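Participant: Output the structure for:
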Amino acid sequence: MKPDTIVLVHGFWVTPRSWEHWITHYEAAGYRVIAPGYPGFEVEVEGLRADPEIIARVTVPTIIEKLEGIIRGLDRPPIIIGHSAGGAFTQILLDHGHGAAGVALNSAPTEGVRV
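Facilitator: Next comes the predicted model:
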């Protein structure tokens with residue numbers, strides 16, 4: 001069954017707003033698009049700059065848990081697209097069996113991968 005949803009995973013120091021033009025592009029192509037923020041990243045990027053402790057407090061397991069919960073709630077596996085740290089999280093999600101396909105844009109390296 002063809003994926004009908006794209007999940008966009010942002011990197012650190014940005015918010016889901018970094019995907020705003022991607023969202024409209026893929027919605028115009030007929031996809032449902034979800035761009036969730038990491039736990040605590042419900043603020044705009046200006047909020048992150050004002051309180052960078054939000055970034056310091058979040059953990060990778062917490063981010064992955066949130067993203068897995070969103071994906072598990074979908075009717076079919078989505079396409080996952082991640083940028084920077086989101087690219088590494090995309091790889092983890094695919095490794096955990098989530099997603100029909102994944103794209104990592106300028107991905108942060110994962111553990112065990114030599115830079």
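
Participant: what sits against residue 34?
Facilitator: For residue 34, the residues meeting the contact criterion (C-beta atoms under 8 Å, 6 or more residues apart in numbering) are 5, 6, 7, 8, 70, 78. Any C-beta I mention is one placed from the backbone N, CA and C, and that applies to glycine too.

Participant: The last one: how many residues sit nearby?
Facilitator: Read it as residue 78. Using other C-beta atoms under 10 Å as the criterion, residue 78 is surrounded by 25 other residues.

Participant: ok, now the second one?
Facilitator: Residue 6: 23 surrounding residues under other C-beta under 10 Å.

Participant: swap in the first one?
Facilitator: In terms of burial, residue 5 registers 20 neighbours under the definition other C-beta under 10 Å.

Participant: Could you find the closest non-adjacent residue to it?
Facilitator: residue 78 (4.0 Å; C-beta to C-beta, 6 or more residues apart in numbering).
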